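Enquirer: take a look and give me a structure for this.
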Amino acid sequence: MKEQIFDIIETIAATDEFREDLDMDLFEEGILDSMKAIMLIVELEGNFNISLPPSEMDREDWNTANKIIKRVQEKVNEN
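Expert: Numbers count the residues shown, from 1 in each chain. Okay, the predicted model is just below:
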């Protein structure tokens with residue numbers, strides 16, 4: 001699951017630099033912006049058959065690769 005999430009982030013962000021530091025703030029570093037964040041949510045929902053309502057996704061709750069992995073795992077476990 002982790003590698004699949006990394007691949008999705010890499011495809012949307014068009015970079016793999018976040019792989020060097022999984023706690024890097026993806027928004028502060030310019031890797032993600034609001035449009036890419038929406039694209040990421042859509043891809044994660046489709047790939048893992050989960051629902052990630054934007055209202056439940058505060059930027060600080062998923063601004064790093066590690067936080068994104070944790071959130072997706074929580075949602076998958078809920079199903």
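
Enquirer: so which residues of the protein form helices?
Expert: With DSSP state H as the criterion, the chain has helices at 2-13, 34-48, 65-78.

Enquirer: looking at those, which is nearest to residue 59?
Expert: Among the helices of the chain, the nearest to residue 59 by Cβ to Cβ is helix 34-48 (7.9 Å). Quick note: C-beta positions are derived from backbone N, CA and C, even for glycine.

Enquirer: of all the helices of the chain, which lies closest to residue 55?
Expert: helix 34-48 (11.4 Å).

Enquirer: can you give me the pLDDT of residue 65?
Expert: With respect to pLDDT, residue 65 scores 97.

Enquirer: quick one, which of the helices of the chain is nearest to residue 24?
Expert: helix 65-78 (7.3 Å).

Enquirer: what is the closest one packed up against?
Expert: When contacts are defined as 3 or more Cβ pairs under 8 Å, 6 or more residues apart in numbering; DSSP states H and E, helix 65-78 packs onto helix 2-13, helix 34-48.

Enquirer: show me what the shortest one is packed up against.
Expert: Read that as helix 2-13. When contacts are defined as 3+ Cβ pairs under 8 Å, 6+ apart, helix 2-13 packs onto helix 34-48, helix 65-78.

Enquirer: what sits up against that helix?
Expert: Taking contacts as Cβ atoms under 8 Å, 6 or more residues apart in numbering, the residues outside helix 2-13 that touch it are 16, 18-19, 26, 31-32, 36, 39-40, 43-44, 47, 65, 68-69, 72.

Enquirer: pLDDT below threshold where in this protein?
Expert: Along the chain, no part satisfies pLDDT under 70.

Enquirer: try it again at 80.
Expert: Residue ranges of the chain with pLDDT under 80: 54, 56-57, 79.

Enquirer: can you pull the contacts of the spatially most central residue of the chain?
Expert: Centroid check for the chain by Cα atoms, centre = their mean gives residue 68 as the closest residue, at 4.2 Å. For residue 68, the contact set (Cβ under 8 Å, 6+ apart) comprises 5, 9, 40, 44, 62.
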